[in-house]
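# below are the sequence and a predicted model; questions follow.
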Amino acid sequence: AQLKHQAALEQQRMRIARDMHDEAGTAATQLALLADLTRSSGDDPARTERLDGMSRIARQLVTNLDELVWAVNPGNDTLAHLVSYLGQTASETLGRFGIACRVRSDEIPASTASADLRRGMLLIAKEAVSNIVEHAEATAVEIDLSVHDRRLRMVIEDDGHGLPVVTPTQPAGPGGNGLGNMQARAADLGGSCRIEPAVPHGTRIVVDMPLSPEQVT
């Protein structure tokens with residue numbers, strides 16, 4: 001059991017290192033390239049645009065690193081922390097674009113939540129919110145979070161014009177407004193992500209994630 005636990009921790013560390021490399025490394029490379037272009041541009045009219053781009057990348061890098069640190073911090077390894085952080089992050093992001101957000105949750109049991117689960121759920125929620133902001137033309141969003149029968153369920157519903165429905169037979173993957181990415185992330189954690197029309201209009205995303213017995217007390 002100790003060897004199995006140690007192997008799981010090592011795999012988790014490798015995934016974290018890969019995430020940090022992908023996110024921080026890519027952003028740092030973009031910043032360096034933009035800095036070089038800006039330094040050599042003189043009074044080029046594109047100088048201001050490049051400086052703005054550097055500022056955006058730097059702010060996003062800080063956000064991504066904050067989220068990564070939150071996901072791996074042992075002090076946040078409970079479902080209560082996960083539910084609270086998901087609701088807070090979604091509300092803040094939607095609020096910046098003038099989209100009302102209401103977050104509801106049932107009583108959350110005293111349960112642990114692994115770094116992989118927290119990280120995966122956060123990325124799925126961020127992808128869903130990003131889709132709403134960019135494509136849905138919504139004015140309001142409702143997010144429901146609950147735990148039943150050792151499963152974590154997140155429902156995100158908007159009142160926009162609707163997004164393409166992805167059927168279970170479609171292969172998960174990049175593209176399609178990121179819907180395939182959400183399904184792939186959920187599948188990696190042994191769960192599912194269903195996208196369907198909302199009533200009377202809009203889109204409803206249902207994420208269902210299993211919790212291992214040791215995660216539920």
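Sure, I can see it.
# the residue most central in space within the chain is in what secondary structure piece?
By Cα atoms, centre = their mean, the chain has its centre lying nearest to Leu123, at 1.9 Å. Taking DSSP states H and E as the criterion, Leu123 maps to helix 115-131.
# show residues contacting the next helix or strand after that helix.
Going down the chain from helix 115-131, the next helix or strand is strand 140-148, by DSSP H and E. Residues outside strand 140-148 that contact it (Cβ atoms under 8 Å, 6 or more residues apart in numbering): 79, 83, 86-87, 90, 94, 99-106, 108-109, 111, 125, 129, 132, 152-159, 211, 216. Backbone N, C-alpha and C define where each C-beta goes, glycine included.
# among those, name the ones in helices.
Under the assignment DSSP state H, those contribute Leu79, Val83, Leu86, Gly87, Ala90, Leu94, Ala125, Val129 to helices.
# how close does the second one get to Ala32?
This means Val83. Counting by Cβ to Cβ, to the nearest Å, the separation of Val83 from Ala32 is 38 Å.
# where is the longest helix in this protein?
The residue-count maximum for a helix in the chain (DSSP H) belongs to helix 46-72.
# and it, what does it pack against?
helix 2-20, helix 26-40, helix 115-131 (3 or more Cβ pairs under 8 Å, 6 or more residues apart in numbering; DSSP states H and E).
# rerun that using 6 Å as the cut-off
helix 26-40, helix 115-131 (3 or more Cβ pairs under 6 Å, 6 or more residues apart in numbering; DSSP states H and E).
# who has more neighbours out of Val83 and Ala32?
Taking neighbours as other Cβ atoms under 10 Å, Val83 and Ala32 compare with Val83 leading, 22 against 11.
# from Val129, how far out is Glu92?
Taken as Cβ to Cβ, the span from Glu92 to Val129 is 10 Å.
# with neighbour numbers in mind, choose between those two.
Val129 (25 against 11).
# what's the mean pLDDT across stretch 68-79?
Mean pLDDT, computed over stretch 68-79, is 72.
# please read the previous query as pertaining to stretch 93-113.
Mean predicted confidence for stretch 93-113 is 87.
# what about that stretch, start to end distance?
This stretch, stretch 93-113, spans 23 Å end to end (Cα to Cα, to the nearest Å).
# how far off centre is stretch 134-151?
Centre-to-centre, stretch 134-151 and its host chain are 12 Å apart (Cα atoms, centre = their mean, to the nearest Å).
# now stretch 191-205: buried residues?
Residues of stretch 191-205 classed as buried: Gly191, Cys193, Arg194, Ile195, Ala198, Gly202, Thr203, Arg204, Ile205 (neighbour count, 16 or more other Cβ atoms under 10 Å).
# sorry, that was for stretch 104-114
Ser105, Ile108, Ser111, Thr112, Ala113, Ser114.
# how far off centre is that stretch?
For stretch 104-114, the distance to the chain centre is 18 Å (Cα atoms, centre = their mean).
# now do it: distance from first to last residue.
22 Å.
# point out where the protein drops to low pLDDT.
5, 8-10, 12-30, 34, 37, 39-45, 69-74, 76, 163-177, 212-217 (pLDDT under 70).
# mind running it again at 80?
1-77, 108, 110-112, 115, 163-179, 212-217 (pLDDT under 80).
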